[in-house]
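**Q** I'd like to go over a predicted model; first the sequence, then the structure.
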Amino acid sequence: EIVLTQSPNTLSLSPGEGASLSCRASQAISTSYLAWYQQRPGQAPRLLIYGASNRAAGIPDRFSGSGSETDFTLTISRLEPEDFAVYYCQRYGRPPLFGQGTKLEIK
Amino acid sequence: EVQLAQSGAVVKKPGESLKISCQSSGYDFDTYWIGWVRQMPGKGLECMGVIYPGDSETRYSPSFQGQVTISVDKSISTAYLQWSSLKASDTAMYYCARGRWPQWIDAFDIWGQGTMVSVSS
């Protein structure tokens, strides 16, 4: 069964900096089936990116996704205070599958 | 407005049964896949399975096959997650979520508020 591994587990940055979060799949997955979510404390997850690089409705353009096959990246340019949260990648289709998450914390 | 409204928090004892709900509104319930996602305290997201309300086709993630039952009642646009015999390890927040595109097991664009299930003797 496919496994999604996110890195790093924790990323410490300051507001205004850029962030790069990685999601690696144990086998190639279709670009069309990779999503990224943000989860703030005490809240339900929120869809950021679908199809590896398409922003969901209402998502600021400082969020971008890229990658293919086994290596995917979520990039956040110019971190805002509300961006500090946990981020998950997901392969959807079939029963969906999540990575273990990356916590983005304030340095 | 598209919404998923989940039933409230519950406290149960080991061995008891439970059925939690997720009521949809604002869209055609029959044509969008619904998923259930578990989040144990302080842990990550795990998809338990998905269901297509139109014909009740259900796909369980391997870890949850045989452990829970996912169902729907189309007449009231509601999806369910149920356990026949709860364990302490079922203590978690459970979210329902809707697939983004009709008829596809798509990314989850709409989420319920979550139902906290606590199992303790």
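**A** Looks like it arrived, so ask away.
**Q** nearest residue to the middle of chain B?
**A** Central residue of chain B (C-alpha atoms, centre = their mean): B:Trp36, 3.3 Å from the mean position.
**Q** hmm, who's touching the host helix or strand of that residue?
**A** Under the criterion of DSSP states H and E, B:Trp36 resides in strand B:34-39. Outside strand B:34-39, the residues that touch it by C-beta atoms under 8 Å, 6 or more residues apart in numbering or on different chains are A:45, A:96, A:98, B:4, B:22, B:24, B:45-51, B:53, B:64, B:68, B:70, B:72, B:79, B:81, B:92-99, B:105, B:108, B:114. Placement of C-beta: from N, CA and C, glycine included.
**Q** so what strands line up beside that strand?
**A** Strands that pair with strand B:34-39, judged by DSSP bridges, come out as strand B:45-52 (antiparallel), strand B:92-99 (antiparallel).
**Q** quick one: the last one to chain centroid distance?
**A** What that stands for is strand B:92-99. 5 Å (C-alpha atoms, centre = their mean, to the nearest Å).
**Q** rounded mean pLDDT for it, please.
**A** Averaging pLDDT along strand B:92-99 yields 98.
**Q** can you show me the CA trace of that strand as CSV?
**A** The C-alpha coordinates for strand B:92-99 follow below in CSV (Å, rounded to 0.1, in the frame of the first residue of the first chain):
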residue,chain,number,x,y,z
ALA,B,92,-11.0,10.7,18.7
MET,B,93,-12.5,13.5,16.7
TYR,B,94,-14.4,12.3,13.7
TYR,B,95,-15.0,14.5,10.6
CYS,B,96,-17.2,14.0,7.6
ALA,B,97,-16.2,15.7,4.4
ARG,B,98,-17.5,16.1,0.9
GLY,B,99,-15.6,15.3,-2.3
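**Q** which helices and strands does the very next helix or strand once past that strand pack with?
**A** With elements assigned by DSSP H and E, the helix or strand that comes after strand B:92-99 is strand B:108-111. In terms of contacts (3 or more C-beta pairs under 8 Å, 6 or more residues apart in numbering or on different chains; DSSP states H and E), strand B:108-111 is packed against strand A:46-50, strand B:3-6, strand B:92-99.
**Q** sec struct for A:Gln43, please.
**A** Following DSSP: H, G, I helix; E, B strand; the rest coil, the label given to A:Gln43 is coil.
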